[in-house]
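In: show me the folded form of this:
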Amino acid sequence: MELVMYCKQEQANLPKERTFAQNCRNIEVLNLNGCTKITDSTCLSLSKFCSKLKQLDLTSCVSITNHSLKALSDGCRMLEMLNLSWCDQITRDGIEALARGCAGLRALFLRGCTQLDDGALKHLQKHCPELTTINMQACTQITDEGLVSLCRGCHKLQILCISGCSNVTDASLTALGLNCPQLKILEAARCSHVTDAGFTVLARNCHELEKMDLEECILVTDNTLVQLSIHCPRLQALSLSHCELITDDGIRALSNSTCGQERLTVVELDNCPLITDVTLEHLKSCHRLERIELYDCQQVTRAGIKRIRAQLPDIKVHAYFAPVTPPPSVHGGGQRLCRCCIIL
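Out: Residues are numbered from 1 along each chain as shown. The predicted structure follows:
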């Protein structure tokens, strides 16, 4: 039996944690997202009475500490999904306790858990081989040491978010490529140290890739797009915003590939200064394309957008063109005042 409870912060008269847990012993899915008054006592009650719990969302429950994870490890060993995003009191000790007791964990969300370091990932690598999804967005202490260790122990990884992990380099991408061939989604925005070398290893080994966010991976060039076009035929969505070295040639390789002509639905190219209308000509052959982002692409014109819309009438093109600067007043004159200012 599966029971689902959604807890909203505005609900003032919530039952006490112990009463709820005692009366809902068969609960498997519990969403406490945004319940900021939740404390460790909630998880202690869940541990004692709700041994069948499989999915628990504690997003933004900011009072949660390592004590909660130790309790869940003891009493909720069937746990498969845990969301601890923005629970910023969690440290490696809590993750160690969780990993030891919940070896069947498949999905772990740790966005904004800024105290976590490489040691936490080493515990996951050692105890949680079933892990398929992990989100570490903005976990700024994570480095290659932890990620390489994670990849070597969690070969079933399919979804990985390391956006904002600014210390990551090609060593992590190489480890990911060599150990996690089932990878489908990679979010690596603002990882400014990764290069074509790392993405080449990744593309040549992870042929199941469907979505990639490489925003602000500023060292990436057309060579990465060439590798993706050759080795990743399932690619559907690609963000290259602020990748300022990308040119029309890279988009041409992508457009002419199997993924470009049969799968690609979203391409984000905001702030790519070398992109021109030629890119839009190439993208005309991507018949499944649904959306293109082109903000601040100075060499893209309205005429180019009009042509691709004629070819792909259902496509959404998001772009911005600064209004024409009006000529100076022929009368010269001093400062103009609005009517309100005149009245005052």
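In: send me stretch 293-301 as PDB with only the CA atoms.
Out: C-alpha atoms of stretch 293-301 as PDB (Å, rounded to 0.1, in the frame of the first residue of the first chain):
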ATOM      1  CA  GLU A 293      17.700  30.600 -27.100                       C
ATOM      2  CA  LEU A 294      19.700  33.400 -28.700                       C
ATOM      3  CA  TYR A 295      19.700  36.300 -26.200                       C
ATOM      4  CA  ASP A 296      22.700  38.600 -26.800                       C
ATOM      5  CA  CYS A 297      23.900  36.900 -29.900                       C
ATOM      6  CA  GLN A 298      25.000  40.100 -31.500                       C
ATOM      7  CA  GLN A 299      25.500  38.600 -35.000                       C
ATOM      8  CA  VAL A 300      22.100  37.000 -35.300                       C
ATOM      9  CA  THR A 301      19.600  39.100 -37.100                       C
END
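In: identify the residues contacting Asn82.
Out: Asn isn't right for residue 82; it's Leu. For Leu82, the contact set (Cβ atoms under 8 Å, 6 or more residues apart in numbering) comprises 55-56, 58, 72, 98, 102, 105, 107-109. (C-beta placed from N, C-alpha, C; glycine too.)
In: check Val317 too.
Out: Listed by Cβ under 8 Å, 6+ apart, the contact partners of Val317 are 291-292, 294, 305, 308-309.
In: any quick PyMOL command for the buried ones out of the residues you listed?
Out: To isolate the buried ones among the contacts of Val317 in PyMOL, judged by 16 or more other Cβ atoms under 10 Å, type:
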select buried, resi 292+294+305+308
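In: now, which of the contacts of Val317 lie within helices?
Out: Counting by DSSP state H, the contacts of Val317 place 305, 308-309 in helices.
In: give me the buried positions along stretch 120-134.
Out: Neighbour-count burial for stretch 120-134 flags 120-125, 127-128, 131-134 (criterion: 16+ other Cβ under 10 Å).
In: hmm, who's touching it?
Out: The contact list for stretch 120-134 (Cβ under 8 Å, 6+ apart) reads 91-92, 95-96, 99-100, 102-110, 142, 146-147, 149-150, 152-161, 182.
In: narrow these to those in strands?
Out: The strands, defined by DSSP state E, take in 107-109, 159-161 from those.
In: I'd like to know which of the residues you listed are buried.
Out: The neighbour count (16+ other Cβ under 10 Å) marks 107-109, 159-161 as buried among those.
In: including pLDDT and distance to Val62, could the residues you listed go into TSV?
Out: Shown next, in TSV, are these (pLDDT from 0 to 100; distance: Cβ to Cβ, whole Å):
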residue	pLDDT	distance to Val62
Ala107	98	21
Leu108	98	18
Phe109	98	15
Ile159	98	25
Leu160	98	25
Cys161	98	20
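In: reformat the residues you listed as CSV; add distance to Asn256.
Out: Listed next are these as CSV, based on distance: Cβ to Cβ, whole Å:
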residue, distance to Asn256
Ala107, 36
Leu108, 38
Phe109, 37
Ile159, 28
Leu160, 28
Cys161, 30
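In: which of those sits closest to Pro233?
Out: Each of these was checked against Pro233 using Cβ to Cβ; the closest is Ile159, at 19.0 Å.
In: including distance to Cys286 and pLDDT, could the buried residues of stretch 120-134 go into TSV?
Out: Formatted as TSV, the buried residues of stretch 120-134 follow (distance: Cβ to Cβ, whole Å; pLDDT from 0 to 100):
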residue	distance to Cys286	pLDDT
Ala120	40	98
Leu121	37	98
Lys122	41	97
His123	43	98
Leu124	38	98
Gln125	38	97
His127	43	98
Cys128	38	98
Leu131	33	98
Thr132	29	98
Thr133	28	98
Ile134	31	98
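In: and which of the residues you listed is nearest to His231?
Out: Closest approach between the buried residues of stretch 120-134 and His231, by Cβ to Cβ: Thr132, at 21.5 Å.
In: residue ranges for the strands of the stretch 201-344 of the chain, please.
Out: Along the stretch 201-344 of the chain, the segments classed as strands by DSSP state E, counting those that start in this stretch run 211-213, 237-239, 266-268, 291-293, 316-318.
In: mind checking how far the residue lying closest to Gly304 once chain neighbours are set aside is from Leu240?
Out: Excluding the flanking residues, the one nearest Gly304 by Cβ to Cβ, 6 or more residues apart in numbering is Asp277, at 3.2 Å. Separation of Asp277 from Leu240 (Cβ to Cβ, to the nearest Å): 17 Å.
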